[in-house]
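Next one to model:
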Amino acid sequence: MVLLKCNNLCKNYGKKQVLRDINVEIPAGKIIGLLGRNGSGKTTFIKLINDLLTPTSGEILIDGKQPGPHTKSMISYLPERTYFNRNMTVKKTLSFFQDFYNDFDIKKARRLLHDLDLDEDQKISALSKGMQEKVQLVLVMSRRARLYILDEPLGGVDPATRDYILDTILTNFNEKASLIISTHLVSDIERILDEVIIIDHGQIVIKEEADTLRAKYKTSIDAIFRKELKNAE
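Now for the predicted structure:
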């Protein structure tokens, strides 16, 4: 079943074309790495899926529907920047998510917070940037969504925590859902990827299953990514 489909998707900011003729289908049950250098169009693509931007032309279909209130209820989105009310405690933030999202699993969130040594009684303002990112990721992954979209989820955490987060994604992954993870830390995430999408200069230059790519190039996804970007310079 196709969960996300883009047909000739384009996005301009004034005269600047940021995305050009994006055609892609993402089925349910996949973990997809969305890779590209800074300014390649990754975040714009993510915001279009989340109905935070409007396409200049083309269309996006999520479970066969155009982005709107219904599709937002299906998507659990982790933006690159934290968005917390800094005066709230972690516990109050959990309650807010539980009230706002019908699919939020507060027991799972509390278990993950405990595993990451995060104190529910602490104020958000008292947490370091890395700790805030951990809390935000726990909240996003504790929803029973159809599509998870993580924009640079590992940048502010240490390598040991990255491994825990990736293992958490794997052990809690719903085969009826899909997950798109946008990151520049390719070597850290490639072990969990089913498929790879590489965007450069607003276009998809590679979309392939991860194992097929490794077999074809006889090297890692990280090495393929670096080579692709070097060739495009």
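
What is the subsequent helix or strand relative to the worst-scoring helix or strand of the chain on mean pLDDT?
For the chain, counting by mean pLDDT, DSSP states H and E, helix 159-171 ranks last in confidence among helices and strands (a mean of 80). Later in the chain than helix 159-171, the nearest helix or strand by DSSP states H and E is strand 178-182.

Now do that following strand, average pLDDT.
Averaged across strand 178-182, the pLDDT comes to 94.

which residues in this protein form strands?
Secondary structure of the chain (DSSP state E): strands at 2-13, 16-27, 31-35, 57-62, 75-78, 147-151, 178-182, 195-200, 203-209.

okay, the ones you listed in a markdown table with distance to residue 217 and mean neighbour count next?
Quick note: C-beta positions are derived from backbone N, CA and C, even for glycine. Listed next are these as a markdown table, based on distance: least, Cβ to Cβ, whole Å; neighbours: other Cβ atoms under 10 Å:
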| stretch | distance to residue 217 | mean neighbour count |
| --- | --- | --- |
| strand 2-13 | 26 | 17 |
| strand 16-27 | 21 | 17 |
| strand 31-35 | 14 | 23 |
| strand 57-62 | 30 | 17 |
| strand 75-78 | 30 | 21 |
| strand 147-151 | 25 | 23 |
| strand 178-182 | 21 | 23 |
| strand 195-200 | 11 | 22 |
| strand 203-209 | 10 | 16 |
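
Format those as a markdown table; extra columns: distance to residue 164.
Formatted as a markdown table, these follow (distance: least, Cβ to Cβ, whole Å):
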| stretch | distance to residue 164 |
| --- | --- |
| strand 2-13 | 27 |
| strand 16-27 | 26 |
| strand 31-35 | 16 |
| strand 57-62 | 29 |
| strand 75-78 | 16 |
| strand 147-151 | 15 |
| strand 178-182 | 15 |
| strand 195-200 | 23 |
| strand 203-209 | 26 |
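
among the ones you listed, which is nearest residue 43?
Residue 43 lies closest to strand 147-151 among the strands of the chain, at 6.2 Å (Cβ to Cβ).

For the closest one, what is the distance to the chain centroid?
Put simply, strand 147-151 sits 3 Å off its chain's centre (Cα atoms, centre = their mean, to the nearest Å).

do stretch 184-195 as well
With Cα atoms, centre = their mean as the basis, stretch 184-195 stands 12 Å off its chain's centre.

separation between the residue lying closest to residue 194 once chain neighbours are set aside and residue 203?
Nearest residue to residue 194 in three dimensions, chain neighbours excluded: residue 30, at 4.5 Å (Cβ to Cβ, 6 or more residues apart in numbering). Note on residue 30: its distance to residue 203, by Cβ to Cβ, to the nearest Å, is 21 Å.

Same check on residue 9?
Residue 9 is 11 Å from residue 203, by Cβ to Cβ.

shared neighbours of the two, which are they?
19, 21, 22 (Cβ atoms under 8 Å, 6 or more residues apart in numbering).

Bridged to the last one, which residues?
Note on residue 22: beta-bridge partners residue 9, judged by DSSP bridges.

domain parsing for the chain?
2-74+146-232, 84-144 (automatic domain parsing).

Off-centre distance for the shortest one?
Centre-to-centre, domain 84-144 and its host chain are 18 Å apart (Cα atoms, centre = their mean).

Good, wrapping up.
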